[in-house]
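1. Next come a sequence and a model predicted from it.
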Amino acid sequence: MSYLNDKALDRLRVVCDTPDLAGTRYELIALLGRGGMGAVFQVHDGQLDRDVALKVLDDLPAAFAVDEARLLARLEHPGIVPVHDSGVLSDGRVYFVMKLVRGSRLDAWARSATLAELLRAFEKICDAVAFAHNQQIVHRDLKPSNVMVGEFGEVLTLDWGVAQMDSVGASVAAGTPRYMAPEQIRGEADARSDVYSLGAMLKDVLPPTAPAPLRSVCSKAMALEPALRYATALDFRADLTRFLDHERVAAHPENLYEKSVRLASNHRVLLGLVLAYLVMRTVLILWKLR
Amino acid sequence: MAEFPSTHRSALFAARSKDSDERRLGYERLIGNYWKPVYKYVRIKWRANEDEAQDLTQAFFARAMEKSFFDSFDPSKAAFRTFLRTCLDGFVQNQRKAAGRLKRGGGMAAASLDFHGAEGELQIQPVSPDDDPEQFFHKEWLRGVMAAAVEELRALCAERAKPNHFALFSRYDLDPEDGVSYEGLAREFGLTAVTVTNHLAWVRREFRRIVRERTAE
Amino acid sequence: MKKIWIGLALGAILGILDGSTAWFEPAEREFGKMMGIIGGSVFKGVLTGLAAGLFARKVHSEMKGLFFGLVISSVLSWGAAYMIWTNEGKNYFVNLLLPGAIVGAIVGYATQKLPKQQQA
């Protein structure tokens, strides 16, 4: 048996991944990438005359594959990519069709975003994740490459392929190690595991000069003990919002100096006016007394 | 009489059979699929030298058969390769702690496993120990599966008297030159571009089927 | 109504403080004169605060509120300085206009920022 180098292996993976769309209304355009449990392609929907994303699931028991499509179809939220269609290919693999998100991955977009823009995007991610948690669904593979920022500024969380019903209990150690909570690595993921991943994601995309309160937010979200993290994605979001509003962040105990700087920053116009008044008055008084 | 399992799924099934012959054949098929990624993984991730890696690889599979490791595999919880890698990690860790004597054999003679070839492959494409272990194991396993699938496809095309099909697959998908195109291949093989398209569609479909059979759990 | 009350309160308080700085002029330290100055300053501040509060209910812009307060207080300060000029012949235009404008800006800005809006 001859040796297959990495390039040959990659080409053969593409051959295996490429779906046979004969009999469907879709026409293959390009491979977009490999996700949690399958490859994603850009295809053209001949019926509606638009491009969409088609995800083909790797060989899974049919029940699991259909479950993933149904799970995603339940998640109707502006921050979660909507499912349009699903079906079975001629080779037996299940596919589902989603909105094609034109934009940038979060990590790429973050390089040119301001800190405020980045945190606002994270607020939207938290909203989507919290919505899913309310449906008892845990993502389990949150990472910057699974979040897209669209051309209109919309923030969409993708690749719910390893999502699991929280009530069923996630015993599979799925996900990406860098963003996985310790309990998730052990196969015991729940909603707080997603909170950990959110913290890891934020830590990844924050600039090196990020202020201490934000680093504290990341640390709290990434606490090794789930009980020490933010209880929900909305609690995590709330601290980000406090930071944006120049309020005290719950995760960061302020010393007197930090509090003074924050208040001064929050009221710099007022402080400037008061200072101007005092200077003005002093000058006038001294002038009179001269 | 027990038959050699033809698919990965049937090998997994056979490995859990109560019939000892069927069980043995099932394990042999699984060992055939996984010994090379196991060896490379032990060399790279556990930083074993060649001799230790050979011993650990053989001992692992011997222990697996003896203790029926694979009986507890549940496909609803994880892929088999993930399960196997977890078993392997535990085994190597325990071996290093105990520093005991390794039991080799288990029905597979060392000569049937081409460790020298596997070592050569590691030299061709060096790997860093810091690479993600799960991804490394997965890639090496897939490399073996794909290589075997290519050989099976070659044999299939020969059996069905379709020499052009495999040749086109090889020229376009397996080892393409820069600028290769359907039209170029059509001219070279004295075919039309439509025929090239159809041949490639057939051979790719067969390749995907072969790979799926080799990986289905 | 909160913005109006804030404007009135702030205008009064700052009026008292601003008027009190007249103490630094020996000629104005007499009790009756000080009361008059402070009273006038409070009157100016309350009017500015009322106007700024009403403005803040209609227009939501910190900078516009600041500028509005500045202008109103400047006009009132000019009026006060002109009255003093015509009645007493003293030139207090600079003394009243400049600090008065800043006090008005403070009131105008504060009525925009307060009370704190709750997050949706």
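-> Cool, got the structure.
2. For the chain, give me the ranges with low pLDDT.
-> All of this refers to chain A. In the prediction, chain A carries residues with pLDDT under 70 at positions A:1, A:35-37, A:59-66, A:68-69, A:161-175.
3. Correction: the question concerned chain C.
-> Where chain C drops to pLDDT under 70, the residues are C:116-120.
4. show me where it has strands.
-> Listed in chain order, the strands of chain C (DSSP state E) amount to none at all.
5. What of the stretch 51-200 of chain A?
-> All strands of the stretch 51-200 of chain A, identified by DSSP state E, counting those that start in this stretch, fall at A:83-88, A:94-98, A:103-105, A:137-138, A:147-150, A:155-157, A:164-165.
6. Give me the helices and strands touching the first one, please.
-> Strand A:83-88 sits against helix A:62-74, strand A:94-98, with contacts defined as 3 or more C-beta pairs under 8 Å, 6 or more residues apart in numbering or on different chains; DSSP states H and E. For every residue, glycine as well, the C-beta is placed using N, CA and C.
7. same check, this time on the fourth one
-> Strand A:137-138 is packed against strand A:164-165, helix A:191-205, with contacts defined by 3+ C-beta pairs under 8 Å, 6+ apart.
8. try 7 Å this time
-> Using 3 or more C-beta pairs under 7 Å, 6 or more residues apart in numbering or on different chains; DSSP states H and E, the elements in contact with strand A:137-138 are helix A:191-205.
9. Name the residues of the helix it packs on that are buried.
-> Buried residues in helix A:191-205, counted by 16 or more other C-beta atoms under 10 Å in any protein chain shown: A:191-203, A:205.
10. Out of those residues, which comes closest to chain B?
-> Nearest to chain B among these is A:Ala200, at 15.5 Å by C-beta to the nearest C-beta.
11. Find the nearest non-adjacent residue to that closest one, please.
-> Nearest residue to A:Ala200, sequence neighbours excluded (C-beta to C-beta, 6 or more residues apart in numbering or on different chains): A:Tyr179, at 4.3 Å.
12. pretty sure the one you found is touching A:Met201, no?
-> Yes - proximity of A:Tyr179 to A:Met201 meets the contact threshold set by C-beta atoms under 7 Å, at 6.3 Å.
13. Find residues that contact each of the two.
-> Common contact partners of A:Tyr179 and A:Met201 (C-beta atoms under 7 Å, 6 or more residues apart in numbering or on different chains): A:142-143.
14. buried residues in the helix or strand hosting B:Gln58?
-> If you go by DSSP states H and E, B:Gln58 is part of helix B:50-67. By neighbour count on 16+ other C-beta under 10 Å, the buried set for helix B:50-67 is B:52-65.
15. what distance separates it from the middle of the whole chain?
-> In terms of C-alpha atoms, centre = their mean, to the nearest Å, the centre of helix B:50-67 is found 17 Å from the chain centre.
16. tell me the average confidence for it?
-> For helix B:50-67, the mean per-residue pLDDT is 90.
17. What's the first helix or strand after it?
-> The helix or strand immediately downstream of helix B:50-67 is helix B:80-98, counting by DSSP H and E.
18. Flag the shaky bits of chain B, pLDDT-wise.
-> For chain B, the stretches with pLDDT under 70 are B:1-7, B:76-77, B:99-111, B:217.
19. how close does the closest residue to chain C within it sit to B:Ile44?
-> Residue nearest to chain C within chain B: B:Asp132 (40.7 Å; C-beta to the nearest C-beta). From B:Asp132 across to B:Ile44, the span is 11 Å (C-beta to C-beta, to the nearest Å).
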